[in-house]
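Participant: A predicted structure for the sequence below; I have some questions about it.
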Amino acid sequence: MARLELRDITKRFGRAVAVDRVSVEVTDGEFLTLLGPSGCGKTTTLRIIAGLVDPDEGEVLLDGKPVQHFPAHRRQTAMVFQSYALFPHMTVSENIGFGLRMRALSADLIQQRVGEALALVELEGLSDRFPRQLSGGQQQRVAVARAIVTRPKVLLFDEPLSNLDAKLRERLRLELRALQQRLGVTTVYVTHDQAEALALSDRVAVMFTGRIVEIGTPRQVYRTPRVRVTAEFLGVTNFLDGKVAAVADGHYIVQTPLGIVEADAALGVRVGEVVTLSFRPEDVRIGRYEGTAITGRVLHASYLGSVTDYVVESGGITLRVHEAGGSARGAGEEITITLPATAAIVRGE
Amino acid sequence: MIAPLLFLVVILVAPVGAVSPVGADKFNVRAQIDLSKLTRDNFTAMVTPAAKSQSGLVFYDFADTLCELLAKESAEFTQQTGIAVKHVCVDGDTATQQLIAEAQAGKPASADLFFGPNNSMRALTKAGVIANLPLVDLLPNATDVEQAAARASRGFKHGGTVVPFHRNQTALAYNSALVTKPPQTFEELLTFAREHSGKVTVTDPTHGGSGSGFLESALLKFSPQCKDDYYNFDLTKEQAAAAAQRCMAPVLAYWRSLKPHIKFSNSNENSIKALANNVALVATVWEDDLFTLATKGLVPQSARPVLLQTGQVGDGDGLFIVASTQKLEAALLYANFLMSDKVQIDKLEQTGSRTARVNLQTKGKIPEKLAKFLVLDTMYHERTRPRINGQITDAAADLFVKEIIAK
Amino acid sequence: MAQFAAAIPQVTRAQVRRRREWLIDLVLLAPGLGYLLVFMCVPLVQVALRGFGLLAIGEPSQFTLGLYREVLANKIDRDSIIFSLYFALGTTVISLILSLVISALLQIKFPGRYIISVLYKIPLVVPSLVAAFLVLTIIDQGGIISRALLPYGVEWPELVHDRYGLGIILVLVWHNVPIMTVILSAVMSGIPHDVTAAARNLGASPWQVFRNITVPLSLPGISAASLLVFIGVFGAFSIPSLLGAAYPKAIAVVMSNEVLDRANWGLASALGTIVTALSAILLYVYYRLIRHQEAALR
Amino acid sequence: MNRTWAMGGTPGRWLLAVGFFGVASLVLIIPLIVGVLWSLVNPDVGWFPPAIVPSSLSLANWRAMLSVPEIGQAFVMSFLIAPIVTLLCAALALPTGYALGRRQLRARRTIELLVLAPIILPGIVLATGLGSMFIRLGLSHTVTGVVLVQTVVLLPFMIRIVAATFEGVPQDLIDAARNLGASPWPLARDVLIPLVRPGLFAGGLFTFIGSLEEFVLTFIVGMPYVQTLPVLLWAYLGGRSSIFTYAAVVTMVLLVPTIVLMFVAERTLKQEYLAAGFGKV
């Protein structure tokens, strides 16, 4: 088990900066997700941890010791690739045992640990199959087994679920999380899927254009994002500009064109400043409740199953509103909505 | 990157110093025996013991038609003497250039003996490739060599270092099944070609001896006034070119009227093939070529050779020992073997190659069914002409290409 | 070790690493490229220099443009270059048309397709000389076709050793169609089925699909294959030497005559340089064109 | 109607099959049969127009050819040179092909052009340069010389096929192996080489057949001493003398092993390897 730390990691490809002064610490046994759109540098960061890419600057520390000069095969990290990267010319058990063979373990020990790993991912009967004879989900499990069997200090996942269909993805998500918790291994997980990130992680680091813009628990980054892009990336959100009218015991009173909305404390915001508020569609309630209630007109309604998504216009501003269940309000209907009690103040364009 | 490359270029092209001929002051060839004491009479006694210790002779043979035969004869020589011979069929001009290049580079030659095209002998002698032993005077089997052929090849006087191994004859071949009266003069040929347009095939003079021989025959016929030049073998290259220029005019005139009615082929064999495929009724050929291909079933039974009344040139090619050989005695023994009755008669029987040995009795040695592919002896002796100065032919051929073929 | 490395400033370390990588590249490339440098570039440089009278063999070396003047003044050499260009172009065009059709048809499933896809590769492994022989036995006057037509009184035209090099073109086409087909089939099977399906869906006939979708999307393969075939055929020796007419001769045949029969290395080198230069120009033009093409397809 | 025809309704497909097999027999099978017939022509009778089939067959040409050592020597020479050239090409192409396929090279375009050059350069130009160079080096007319020149023209195909094969190995697999603790040597032994083996095999086969076929360089550098089957064939096809019947014999001797080789190894001659060898410029 190990503590992983990145210090000011920078990587350029030609003139493009792929990773820009990334610093992050992953505590022992923690599950950290790097979340961001494609091209944000998250995979490169992962590969730098694995030693597959050399950083131009910065340090990778494992338990406090710099390891960035260690070649990939001496890093004691294990990675699950997006493509699974199973060796097509080896059977399932040969694939899983590969890392152990590279460590020159005895044949008996290899057999035993491969068996354990197979059991762990519930693939006991398939040990002599070749990868091409397996389904996508089975291949994914083999890739996971192959990674954990070496008992790495850090487990790395590079979008391991992105090639699976939605249903399977959700199931494996749960399994992965359970497995990680059972093993208690420090894990870094890369994905662009926000639901996956929220569901799996202890902490989520949101990356944009090579930088970590925000890091926190799933709840923090979803509910109270500090940065506009984070709020945008993690699902549908409403932005509302307003002026800070007052500060009261850690809360801000923000005057928006639609009325007063309270916001959580944010550093360095002064009274009189114009800020952007972000709040989720499910925080807006239909009907008149305590707080700022306004009337609006439904421009568009789409039924999504668990919720109905409305586009509501009020005073020239459109808001997204989610209502649980399937009450049918048609376009053009006048409704009353209540703005959320608190919203997050976000910065940035 | 550039510098080492240039360095390499320099190293690889640095001229190799010319090497002076090996051997005694009189001969340019190294021998185990005392060459100054060697005569025709003591030849076998002197040469044989030394020859027995030498093996792995390399014999370059340029004649397409003889390739198969000489491979067998070589094997027989090896069987008789225990001296291994590697018989290599080569292209005459290529082998000539190779031997010259090797001599110039001071490298040991790839061959010990070369049976080569006679018009190469001038260049080969100049380059010191030919051992300066008068083989004609030394080989016991060369006693009766025709005097005209003994000491000169294509007008180049080599003094007997090249022994005439093979005689041949250019001719016209025709399909007797379809042509009852073959043309026997240039005028008749023109008439015939006009009547059977496209049915006469002539070998391109730059691509085969049957073509250049035909060109020479035409020179002899149409510009007899140049005869002195034709057979003056002391002309310089420039003089030869001038002579060709002077003598070609009537030949070109004849060709201009002939050309629309004939087809050119680009090799001796293709002319014969035209005959075989009924594309041609008359074609220019080498007599021995026609004969050899006939033995292989590639010439129809009805094909016959004929010589023009005004004469057609015949020639021959000789063989010599390469100066840089390390196996002189074996080479001498082998050369003598090639001039023996047996080889010379086999050669005639199987390939139609005539011999330069005047006393050799060949009558009755040709199988009946093949005799018809040879020119009748009387016609041969009456109408054969020696080939003219090769430099004139070359210049004439160049003119011919420019004025006739390329037009 | 790690501490030592850490003590060195970052930039230097990167440089050291880069130099090491470069060294590895060099060591890896050395066998193949070194070989080609020695056995291809050196002789080529020699040919180029010899064309200017330098490094002459058997004569004094001296810079001269005389050899080129000789070539250009000589109608025979000029004609041979033109003739070579002619049959190279003919072969390329005919082979291209045939292999486009074959490749397109090979994309369709039909009974026995597998056998055909093996059979059509036979000419790839058949030496072109064998091809020359086989074609000769078929199309020559006196070949099988002419014999088969004889009873009907049809005179078979002269296709071998003819002035128009038809026999040459025929054999070269026979030999090059499979090469082109391999390239084109690979390109065509790379075109997503969706694209052609979409075109069909939008109302294009099979021919229109071929003309407007398949061919344009295969252009990179088409141009590469055409270039390869053209340059290859332009310098072809064995086929023209066997099937060519007495006049004009292919440039390669002229060169080999100069070298083998006359040891005229200088003139052959000048001719060789011209051939190489023409090929290089073509290659350059190709790269200029392909750049636009590729940019458009991306 | 149109649709049935071209996009292959069942009748269309059959029509296509018939068409293809018709063309194949016309351009492949009939010539082969005629070639065999020519090798069996009875020299006493011949085979002249208008006969479509020879009136009498015999093995005389085979006997005649086999009675002299020429064809046997050429056969031995061909099949001696081909494996040597193949091994030499493989040895030279492996590291270079690896570098081209897997490493980030600075002068990649130049290197690719250099590797392409022997493929598109007319053989006769190379032969002219190498011929004179080898005379000076004493390599003319030697087996070594012929091996070296054949390698010049066949090495590029090998390099290109090897490079394409290496390139085709997903980087993820390499990364995964390294990540799982494979140092360079086990990485090569356990992952890289097993993955590129089919490509290497295809390249080797290609080179082998290429060597058997190569003519112009062998001819100019090897003549007259090193005579391979194609050189012999050229000689009998009219290069030296035109003896059709003998040419037919040489053709069969040369053709049968190559075609057998091709059919045996058909699976390895996959389009992508062939296309890599010839294809991209």
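Facilitator: Noted; the coordinates are in hand.
Participant: quick check: buried residues in stretch A:140-151?
Facilitator: By neighbour count on 16 or more other C-beta atoms under 10 Å in any protein chain shown, the buried set for stretch A:140-151 is A:Gln140, A:Arg141, A:Val142, A:Ala143, A:Val144, A:Ala145, A:Arg146, A:Ala147, A:Ile148, A:Val149, A:Thr150. Where you see a C-beta, it was placed from the backbone N, CA and C, and this is true even at glycine.
Participant: the fourth one - nearest residue in space that isn't next to it in sequence?
Facilitator: So the one you mean is A:Ala143. Nearest residue to A:Ala143 in three dimensions, chain neighbours excluded: A:Tyr84, at 4.1 Å (C-beta to C-beta, 6 or more residues apart in numbering or on different chains).
Participant: now the one you found: how far from D:Thr110?
Facilitator: In this view, A:Tyr84 and D:Thr110 are 37 Å apart by C-beta to C-beta, to the nearest Å.
Participant: compare the two (neighbour count), which wins?
Facilitator: A direct count of neighbours by other C-beta atoms under 10 Å in any protein chain shown for A:Tyr84 and D:Thr110 places A:Tyr84 higher, at 23 against 12.
Participant: list the residues that contact the more buried one.
Facilitator: Listed by C-beta atoms under 8 Å, 6 or more residues apart in numbering or on different chains, the contact set of A:Tyr84 reads A:Pro131, A:Gln139, A:Gln140, A:Val142, A:Ala143, A:Pro160, A:Asn163.
Participant: so is C:Val254 in a helix, a strand, or just coil?
Facilitator: Reducing the assignment at C:Val254 to three states with DSSP: H, G, I helix; E, B strand; the rest coil gives helix.
Participant: I meant to write A:Val17 there.
Facilitator: What three-state DSSP gives for A:Val17 is strand.
Participant: surely it and A:Thr10 touch.
Facilitator: Yes - proximity of A:Val17 to A:Thr10 meets the contact threshold set by C-beta atoms under 8 Å, at 7.0 Å.
Participant: helices - which of the contacts of A:Tyr84 land there?
Facilitator: Applying DSSP state H to the contacts of A:Tyr84, the entries found in helices are A:Gln139, A:Gln140, A:Val142, A:Ala143.
Participant: and the furthest pair within these?
Facilitator: Farthest pair in those (C-beta to C-beta) is A:Gln140 and A:Val142. Separation: 7.3 Å.
Participant: in the stretch 151-300 of chain B, which residue sits nearest chain C?
Facilitator: As assessed by C-beta to the nearest C-beta, chain C sits closest to B:Asn277 within the stretch 151-300 of chain B, at 2.7 Å.
Participant: the domain parsing of chain A - what is it?
Facilitator: The record assigns chain A these domain ranges, following automatic domain parsing: A:4-227, A:236-346.
Participant: got the residues of chain B near chain C?
Facilitator: Contact residues (C-beta under 8 Å from any C-beta of the partner chain) of chain B with chain C: B:5, B:8-9, B:12-13, B:91, B:93-94, B:97, B:100-101, B:104, B:204, B:206-207, B:263-266, B:270, B:273-274, B:276-279, B:401-402, B:405-406.
Participant: filter these down to the buried ones and hand me the PyMOL line.
Facilitator: The following PyMOL command selects only the buried members of the residues of chain B next to chain C, with burial defined by 16+ other C-beta under 10 Å:
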select buried, chain B and resi 9+12+13+91+93+94+97+100+101+104+204+206+207+263+264+265+266+270+273+274+276+277+278+279+401+405
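Participant: I'd like to know how far the closest residue to chain C within the stretch 201-349 of chain A sits from D:Pro118.
Facilitator: Among residues of the stretch 201-349 of chain A, the one nearest chain C by C-beta to the nearest C-beta turns out to be A:Gly210. It sits 18.1 Å away. Counting by C-beta to C-beta, the gap from A:Gly210 to D:Pro118 is 44 Å.
Participant: sorry, back to before: so what's the residue of the stretch 201-349 of chain A closest to chain C up against?
Facilitator: Residues in contact with A:Gly210 (C-beta under 8 Å, 6+ apart) are A:Val17, A:Ala18, A:Val19, A:Asp20, A:Val22, A:Cys40, A:Gly41.
Participant: sec struct for D:Leu114, please.
Facilitator: Remark: D:Leu114 carries the secondary structure label helix [criterion: three-state DSSP].
Participant: please disregard the earlier target; I meant A:Val244.
Facilitator: Using three-state DSSP, the secondary structure recorded for A:Val244 is strand.
Participant: now swap in B:His207 and tell me
Facilitator: Using three-state DSSP, the structure places B:His207 in coil.
Participant: how much space separates it from C:Ala245?
Facilitator: Computed with C-beta to C-beta, the distance linking B:His207 and C:Ala245 is 10 Å.
Participant: and the closest residue to A:Gly287 other than its chain neighbours, backbone torsions?
Facilitator: Closest residue to A:Gly287 in three dimensions, ignoring its sequence neighbours and counting by C-beta to C-beta, 6+ apart: A:Thr336, at 6.2 Å. Comment: the main-chain dihedrals of A:Thr336 come out as phi -110, psi 130, following degrees, to the nearest 10.
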